[in-house]
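S.K.: Build me a model from this:
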Amino acid sequence: MDDDRRFKSEALRWIDDVHRFSLSLTRNQADADDLVQDTYLRAYRSWHTFERGTDARRWLLTICRNAFLRTCQRARYWAESDGDVERVARSDDERLLTRLDLGPAICSALDLLTEPYRSVVVLVDLEDQSYETTAGILGVPIGTVRSRLFRARRRLRRTLGIYARDAGFATERVEVS
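M.R.: Numbering: from 1, shown residues only. You can find the predicted model right below:
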């Protein structure tokens, strides 16, 4: 089977999973579509490096994550050079506190997580990946996955606790540190 046909049969069948993962990273349909396109372009160009018999889905999710991180780094550079970082952070905080629907609050809390914490939460809690698979996708030891997940969940709990208190759902004091 030639490389093009092998790519179609092994890689393209995971496009829905890659799209779902990219959407959970970007939180924007257009950006997710761009990220999927970028992922598959990179995968096609590097198809000769893919080892037959290994997990194509895992390989594609790793490419997707790395492409997303590169995009974030470029965006952060441009935002910092424009002086927009504080304004963007304030608008995210205001948007989080003005929403009463839990879905947008969770999405906003996820958006506030920095990498690599967001990727761990997305893979383990949203994509239902095992710690081992997540470690492989992210290229880190399993202990690192566990510690990042613990810290990310603690940050989410804190952010959502503040949201609940401000929305009138929690009466006890929420620790903000």
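S.K.: can you pull the buried residues of whichever strand or helix holds S9?
M.R.: Using DSSP states H and E, S9 falls within helix 3-10. Residues 7, 10 are the ones in helix 3-10 that count as buried (16 or more other CB atoms under 10 Å). In this view, the C-beta of every residue, glycine as well, is placed from N, C-alpha and C.
S.K.: Tell me the helix or strand right after it.
M.R.: The C-terminal neighbour of helix 3-10 among helices and strands, as given by DSSP H and E, is helix 15-26.
S.K.: What's the first helix or strand after that following helix?
M.R.: With elements assigned by DSSP H and E, the helix or strand that comes after helix 15-26 is helix 29-45.
S.K.: Find the residue at the geometric middle of the protein.
M.R.: Computing the C-alpha centroid of the chain and ranking residues by CA atoms, centre = their mean puts L25 first, at 3.1 Å.
S.K.: For that one, which non-adjacent residue is spatially closest?
M.R.: Nearest residue to L25, sequence neighbours excluded (CB to CB, 6 or more residues apart in numbering): F68, at 4.8 Å.
S.K.: wait, what's in contact with the one you found?
M.R.: Each residue near F68 by CB atoms under 8 Å, 6 or more residues apart in numbering is listed here: 22, 25-26, 35.
S.K.: List the contacts of the helix holding S9.
M.R.: Applying CB under 8 Å, 6+ apart, the set of residues contacting helix 3-10 is 1, 43-44, 47-48, 50, 56.
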